[in-house]
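Asks: Sharing a sequence plus its predicted fold:
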Amino acid sequence: MKIVVIGGTGLIGSKLVNKLRQLDHTVIAASPQSGVNTITGEGLNEVLKEAVVVVDVSNSPSFEDKAVLDFFQQSTTNLLKAEANAGVKHHVALSVVGAERLPGSGYLRAKVAQENLIKEAGIPYSILRSTQFFEFAGRIAQEGVVGNEVRISTGAIQPIASDETVAALADIVINAPVNAIVEVGGPERMPMSEFIRYYLTATEDSHQLIPDAHALYFGVELDDAALITGENARLGKIKYEDWFSKQLVNQS
């Protein structure tokens, strides 16, 4: 079947495209670079012709509160309208575990707004909420830098290898719509500060880690429940230490 992946050239999108093509599906990686722009609507009607499933793993170029909300609302509205016109049978979107529990975060408010548009559109859908990817450690560390220190929240996270999120997405794509939100998360829960401590040590970063319960993540303080999966979540098997060691080997 024909599957269109919006944001198909990014971290998750490119991996998903490759995985679905290995399953012998016709997969189109759609992005502004390929002439498909969900903000302006350019190329949408053409790329969605005969598409059975559309997967939206796109992301906003700006995480500023208004900009990110505008992006997800406009992009999702345009995409869903084009899907309805094309007769798409299944809309799949990637979101964030705990998005509704952190309304102080502009980014997560925007993801909830995106989810609500999908639910109300009338197109059969599946929303996969994922926890934070292992690949985000460097970015999280950088955002916590203050001088020679790295201030990181002690709130709990449940990080996951992006490949395992992609595997969960692929399973959703090739099956019937669930018309609900499902979750995927990593195998272990840990304070975000310990996640970053391992990263700093492994990369021989000289910044001093300061675990700080009041340090912000996407503009909000974290507790030990906000970013953790629920009881029925799909759990990955790859541990962060094993994943990171493999990355170092691949780079050497």
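Replies: Yep, it's here. Numbering: from 1, shown residues only.

Asks: which residue ranges form the helices in the stretch 1-150 of the chain?
Replies: Counting by DSSP state H, counting those that start in this stretch, one finds helices in the stretch 1-150 of the chain at the ranges 11-22, 44-47, 65-86, 106-120, 137-143.

Asks: Gly138 and Leu200 touch, don't they?
Replies: No: counting by CB atoms under 8 Å, Gly138 does not reach Leu200; the two are 9.7 Å apart. In this view, the C-beta of every residue, glycine as well, is placed from N, C-alpha and C.

Asks: returning to that earlier point: make JSON lines out of the helices of the stretch 1-150 of the chain and add mean neighbour count.
Replies: Below are those laid out as JSON lines (neighbours: other CB atoms under 10 Å):
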{"stretch": "helix 11-22", "mean neighbour count": "19"}
{"stretch": "helix 44-47", "mean neighbour count": "16"}
{"stretch": "helix 65-86", "mean neighbour count": "18"}
{"stretch": "helix 106-120", "mean neighbour count": "19"}
{"stretch": "helix 137-143", "mean neighbour count": "16"}
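
Asks: Ok, which of those comes nearest Asn37?
Replies: In terms of CB to CB, the element of the helices of the stretch 1-150 of the chain nearest to Asn37 is helix 44-47, at 7.7 Å.

Asks: list the helices and strands the closest one packs on?
Replies: Packing partners of helix 44-47 (3 or more CB pairs under 8 Å, 6 or more residues apart in numbering; DSSP states H and E): helix 65-86.

Asks: what pLDDT, on average, does the helix it packs on get?
Replies: Average pLDDT, helix 65-86: 97.

Asks: mind putting the helices of the stretch 1-150 of the chain in CSV, distance to Val57 included?
Replies: Shown next, in CSV, are the helices of the stretch 1-150 of the chain (distance: least, CB to CB, whole Å):
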stretch, distance to Val57
helix 11-22, 5
helix 44-47, 15
helix 65-86, 12
helix 106-120, 12
helix 137-143, 17
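
Asks: List the residue ranges of the protein that fall below the pLDDT cut-off.
Replies: For the chain, the stretches with pLDDT under 70 are 248-252.

Asks: Could you give the bridge partners of Ile210?
Replies: Arg151 (DSSP bridges).

Asks: Near it, how many other residues are there?
Replies: Residues near Ile210, counting by other CB atoms under 10 Å, number 13.

Asks: Can you give me every residue that contacts it?
Replies: Residues near Ile210 by CB atoms under 8 Å, 6 or more residues apart in numbering: Glu149, Val150, Arg151, Ile152.

Asks: give me that answer again for 10 Å
Replies: Each residue near Ile210 by CB atoms under 10 Å, 6 or more residues apart in numbering is listed here: Gly144, Val146, Glu149, Val150, Arg151, Ile152, Ser193.

Asks: Looking at those residues, which two lie furthest apart in space?
Replies: Within the contacts of Ile210, Val146 and Ser193 form the most distant pair, 14.2 Å apart (CB to CB).
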